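[1] curious how this folds, go ahead:
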Amino acid sequence: MPRTIQAYIDVINYTKEYVVTHVLELRENPGVAIAYDSTYVELSLAKSLVTVRQGSTWIILGDFAEKGSREAKETTKRKIKITHADVSHYWLESNRVELCRFCRNSLEQGVQWIEEGEFKPYMNQIIKLEDVQNALETLKQGKDGFGKIVVKFNQ
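    Residues are numbered from 1 along each chain as shown. Prediction:
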């Protein structure tokens, strides 16, 4: 007999409310079974770890919580499984075709969702191409973390 799984989906506007508090209130403080953080931002990753309950799974991008780090020790203590789901291996020469296909398909799907009103991206700022490096550094430091930064190319 199939098992019924109950799921609760809530979209949190992280520009208006503190995500950690919201998640813990939703779950009545035990935390979530699976947390996925795709920000690459250390401050965000540290906050998302707080929402993961003992014995659960934390899926992250980047090199945060590497072996021997404070975060890795905390996850071991709380019996949290870390999955580093980084896609950086796609940048290797042998995977270039797959990467191009993946990026093209993802962008096309994103555009379709935006056009259909299914996805409403929040853009924190629009910058020029020459300002990309500074914007990335600012994001990494967690100083300007709401939404996304869009690069505007001259037509």
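[2] quick check, Leu49 in contact with Ala72.
    No - when contacts are counted by Cβ atoms under 8 Å, Leu49 is not listed as touching Ala72 (10.4 Å). Yep, even glycine has a C-beta here, placed from its N, CA and C like the rest.
[3] mind checking which of the two has more residues around it?
    Leu49 (22 against 15; other Cβ atoms under 10 Å).
[4] following element in sequence after the host helix or strand of Ser106, please.
    For Ser106, the host element (DSSP states H and E) is helix 96-115. Beyond helix 96-115 in the direction of the C-terminus, DSSP H and E gives the next helix or strand as strand 123-128.
[5] buried stuff in the next helix or strand after that next one?
    The helix or strand immediately downstream of strand 123-128 is helix 132-140, counting by DSSP H and E. Across helix 132-140, burial judged by 16 or more other Cβ atoms under 10 Å covers Ala135, Leu139.
[6] for helix 132-140, which helices and strands make contact with it?
    Judged by 3 or more Cβ pairs under 8 Å, 6 or more residues apart in numbering; DSSP states H and E, helix 132-140 is in contact with strand 148-152.
[7] for the residue nearest to the spatial centre of the chain, what are phi and psi?
    Centroid-nearest residue in the chain: Ser38, 1.9 Å away (criterion: Cα atoms, centre = their mean). Main-chain dihedrals, Ser38, degrees, to the nearest 10: phi -110, psi 20.
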